[in-house]
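J.: give the three-dimensional model of this entry:
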Amino acid sequence: MKKGIHFNLKYFLFSVLLFIVEVVIAVYLSHYQFIRAYLGDVIVVMLIYSLVLTFFDIYHKGRLILGIFIFSVAVEVAQYFHIADRLGFQQGSIPHIVIGNSFSWWDMVCYGVGCVILYGLYQAFKYNKQSS
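T.: A predicted model of the protein is given here:
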């Protein structure tokens, strides 16, 4: 199979499912603090992973997961410096919501947990494919 840019329907559908879960959490489950604050952050790294794999055939999935963790931490650090406000995005606008504006060490822990889960799933599926 050719590496590079392509479209993977399986990862696309999984991305859509994860996006819907994130929207449901944000809109309907926001009063459940644990789900909103922690589970959403664990899921978002999985959403990024599946979105990347929708369009790119990445051989080194472990490196991709590490890159997603670094990207997530970078966004969180940018939140510490209120980058959305500094860029002039209006509060409540889509860019402001996507970037966020409240720094939390716990968010980075959740990103790490999400990446560890991803890596575990990747290893399990890789092992399954090799043994069949």
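J.: number of nearby residues for V45?
T.: Around V45 there are 23 other residues, counting by other CB atoms under 10 Å. The C-beta positions use only the backbone N, C-alpha and C, and glycine is treated the same way.
J.: show me where pLDDT drops low in this structure?
T.: Residue ranges of the chain with pLDDT under 70: 1-3, 132.
J.: how about a cut-off of 50?
T.: Residue ranges of the chain with pLDDT under 50: 1.
J.: find the centremost residue of it, please.
T.: Within the chain, one residue has its C-alpha closest to the average C-alpha position: by CA atoms, centre = their mean, that is V45, at 2.0 Å.
J.: contacting residues for it?
T.: V45 is in contact with 68-69, 72, 111, 114-115, 118, counting by CB atoms under 8 Å, 6 or more residues apart in numbering.
J.: switch the cut-off to 10 Å
T.: With contact set as CB atoms under 10 Å, 6 or more residues apart in numbering, V45 has these partners: 65, 68-69, 71-72, 110-118.
J.: helix or strand: which one has the nearest residue to it once chain neighbours are set aside?
T.: Spatial nearest neighbour of V45, chain neighbours left out: G114 (3.7 Å); criterion: CB to CB, 6 or more residues apart in numbering. For G114, the host element (DSSP states H and E) is helix 105-131.
J.: would you say N101 is within a strand?
T.: No. When the secondary structure is assigned by DSSP: H, G, I helix; E, B strand; the rest coil, N101 falls in coil instead of a strand.
J.: isn't it right up against Q90?
T.: No. In this structure, N101 sits apart from Q90 without contact. The criterion is CB atoms under 10 Å, and the distance is 11.5 Å.
J.: who's more crowded, those two?
T.: It is N101, of N101 and Q90, that has more neighbours when counted by other CB under 10 Å, with 17 against 10.
J.: what helix or strand is the residue nearest to the centre of the chain located in?
T.: Going by DSSP H and E, V45 is part of helix 40-55.
J.: give me the distance from the helix or strand that that helix is followed by to the chain's centre.
T.: Once helix 40-55 ends, the next helix or strand along the chain (criterion: DSSP H and E) is strand 56-57. Taking the mean C-alpha point of strand 56-57 and that of its whole chain, the gap between them comes to 17 Å (CA atoms, centre = their mean, to the nearest Å).
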